[in-house]
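Asker: below are the sequence and a predicted model for it; my questions follow.
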Amino acid sequence: MTPLETLLEDMAERVRRADFPALALLAPQLEAALTGFGGSVDPAVMSRLRRKAEENAQLLEAARRGLRAARRTPQAGRNPARGGWLANLRWQRPPL
């Protein structure tokens, strides 16, 4: 496994855990690994790198959608006109 593959796997793990501060710390390492990545590359290695990069892109897109939905959910919950779930809740006195 190449250092670049290891970094891509680390990125995926951090996205899965929503550890965005740690993910940001990988950026300089990734840039350095890409800078040192030159010359002829084994097609099998290139294929693995491409697959991992595509998987990471999908994970990041899913995380973006999840964060966007989480940001909208509390707003929708407070707004009955927008079908917020709080509109259907009524306070009830607990049984004595």
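Answerer: Happy to help now that I have it.
Asker: which neighbouring elements make contact with the helix or strand in which Asn56 is found?
Answerer: For Asn56, the host element (DSSP states H and E) is helix 43-78. Taking 3 or more Cβ pairs under 8 Å, 6 or more residues apart in numbering; DSSP states H and E as contact, the helices and strands that helix 43-78 lies on are helix 3-16. The way it works is simple: take the backbone N, C-alpha and C, and place the C-beta from them, glycine included.
Asker: and the least confident helix or strand in the chain by mean pLDDT, how far out from the chain middle?
Answerer: In the chain, no helix or strand scores lower on mean pLDDT, DSSP states H and E than helix 43-78, which sits at a mean of 86. Here helix 43-78 shows a centroid-to-chain-centroid distance of 4 Å under the convention Cα atoms, centre = their mean, to the nearest Å.
Asker: same check, this time on stretch 27-39
Answerer: With Cα atoms, centre = their mean, you get 21 Å for stretch 27-39.
Asker: cool, stretch 8-20 as well?
Answerer: For stretch 8-20, the distance to the chain centre is 7 Å (Cα atoms, centre = their mean).
Asker: ok, stretch 16-28 next?
Answerer: Going by Cα atoms, centre = their mean, where stretch 16-28 is centred and where its chain is centred differ by 9 Å.
Asker: pull out the buried positions in it.
Answerer: Leu23 (16 or more other Cβ atoms under 10 Å).
Asker: avg pLDDT for that stretch?
Answerer: Taken as a whole, stretch 16-28 has a mean pLDDT of 92.
Asker: ok, now how distant is His50 from Asp19?
Answerer: Slight slip there: residue 50 is Arg, not His. 24 Å (Cβ to Cβ, to the nearest Å).
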